[in-house]
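Novice: My questions concern the predicted model and sequence given below.
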Amino acid sequence: MSASGLAGQDADFFGQPPAARRGLAGVRALLEVGAEHGVPPADCLRESGVAESALGDGAARIPAGAELLVARNLVRATGNPPGLGLAVGGRLRLPSYGVWGFAMLASATLREAAVLGVRHLGLTYALAGIGVREVADEVLMTVADQALPPPLRRFVVERELTAARAILGAVLGEPLVPQRVELRFRPAEAPYARTLGAPVVFGARHNALIAQRGLLDRRLPQADGRTRRVCERECAALLASLGGGATADRVRARLRAHAEGVPEMPVVAAGLHVSTRTLHRRLLAEGVSYRRLAEEIRRVRALELLERTELAVTQVAARLGYADAAVFTRAFRRWTGTTPGAYRRTR
């Protein structure tokens with residue numbers, strides 16, 4: 001991260017949960033709240049493809065869309081009373097996020113934790129895009145609801161903001177107290193101010209928890225550079241393994257086999273004995289693009305080279321196949337929010 005902010009004066013860092021597989025903690029939270037409203041588990045799980053017998057399996061993984069279907073069933077069965085999402089979000093605690101949670105805890109500052117968390121959002125139980133933005137003397141944690149089905153928007157926003165406040169409080173080691181909360185929807189009879197810990201403004205142009213910008217520079221009580229680096233590498237590898245399917249995995253294997261640079265798509269297609277058009281179509285069917293897979297490989301290699309070698313930034317750029325160091329630096333800043341040199345100095 002640059003000292004001036006996430007990526008500049010008025011900066012954004014945004015993460016969108018991919019169509020990846022995740023654990024069942026989010027579904028269990030939905031069922032617990034459903035039970036409190038008299039909704040049987042079978043009614044919540046209807047048409048989702050999630051078996052009730054799998055709920056106790058810590059290794060079970062489901063598509064993100066399946067969890068969204070469970071949420072839809074809960075909203076329909078209860079009539080979606082205001083505050084339903086607050087109850088669900090309050091049950092999503094940091095330990096349930098595994099290595100992603102450990103990486104957040106071990107970060108040096110809240111800014112570093114926020115960027116790491118959003119970058120690896122696909123490892124969470126998020127159902128909407130989440131962003132962090134610095135504007136003037138404030139920092140906004142936003143939830144984008146536009147891509148959600150209208151009946152689920154309020155519920156998901158409530159859920160994500162409540163879960164985010166709890167997670168950030170656990171990382172800080174004390175409750176997070178926002179200056180205010182801004183919500184796009186209309187006023188409703190729900191304990192928003194009490195649950196979110198701040199005054200609420202309705203009818204805003206976004207959904208956001210808003211705090212003083214200086215909070216991002218707060219040193220975290222469990223900061224540990226070595227632990228964070230190990231966890232971040234594990235997060236990157238795990239996130240890469242979750243996206244796509246069989247074809248994506250074969251492409252990743254081909255990309256990793258190249259010691260330097262990343263080959264163009266026709267080269268990989270030829271190695272897999274398919275046309276470029278066929279490869280593109282198969283990857284698209286698995287919800288991933290060749291460009292995204294290439295970016296994954298470049299990013300993981302960049303982190304490894306900066307941490308484990310003494311190569312100059314220009315040499316790292318060349319190894320990754322970039323035309324020059326400036327192009328590599330722009331890409332690296334997009335991935336991490338900081339420059340290769342600054343990243344290496346913090347290690």
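Specialist: Received the coordinates, thanks. Residues are numbered from 1 along each chain as shown.

Novice: drop to CA atoms for contacts and neighbour counts, all remaining ones
Specialist: Noted.

Novice: Could you check how far the residue nearest to the spatial centre of the chain is from Asn207?
Specialist: Here the mean C-alpha position of the chain is nearest to the C-alpha of Leu121 (Cα atoms, centre = their mean), at a distance of 0.8 Å. Using Cα to Cα, to the nearest Å, one gets 18 Å for the distance from Leu121 to Asn207.

Novice: ranges for the strands of the stretch 101-250 of the chain?
Specialist: In chain order, the stretch 101-250 of the chain shows strands spanning 129-135, 138-144, 180-182, 200-201, 207-212, with DSSP state E, counting those that start in this stretch as the criterion.

Novice: want to throw the ones you listed into JSON lines with distance to Gly23 and mean pLDDT?
Specialist: Shown next, in JSON lines, are those (distance: least, Cα to Cα, whole Å; pLDDT from 0 to 100):
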{"stretch": "strand 129-135", "distance to Gly23": "18", "mean pLDDT": "89"}
{"stretch": "strand 138-144", "distance to Gly23": "21", "mean pLDDT": "93"}
{"stretch": "strand 180-182", "distance to Gly23": "29", "mean pLDDT": "96"}
{"stretch": "strand 200-201", "distance to Gly23": "32", "mean pLDDT": "94"}
{"stretch": "strand 207-212", "distance to Gly23": "26", "mean pLDDT": "96"}
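
Novice: Quick one, which of those gets closest to Ser107.
Specialist: Evaluated with Cα to Cα, the strands of the stretch 101-250 of the chain place strand 129-135 nearest to Ser107, the distance being 16.2 Å.

Novice: what domains does the record give for the protein?
Specialist: With automatic domain parsing serving as the domain definition, the record reports that the chain contains domains spanning 11-217, 243-346.

Novice: If you tally nearby residues, what's the number for the residue nearest to Ala60 when sequence neighbours are not counted?
Specialist: Counting by Cα to Cα, 6 or more residues apart in numbering, Gly23 is the residue found nearest to Ala60 once chain neighbours are left out, at 6.0 Å. When neighbours are defined as other Cα atoms under 10 Å, Gly23 has 23 of them.

Novice: Contact partners for Gly23?
Specialist: Counting by Cα atoms under 8 Å, 6 or more residues apart in numbering, Gly23 makes contact with 58-62, 125.
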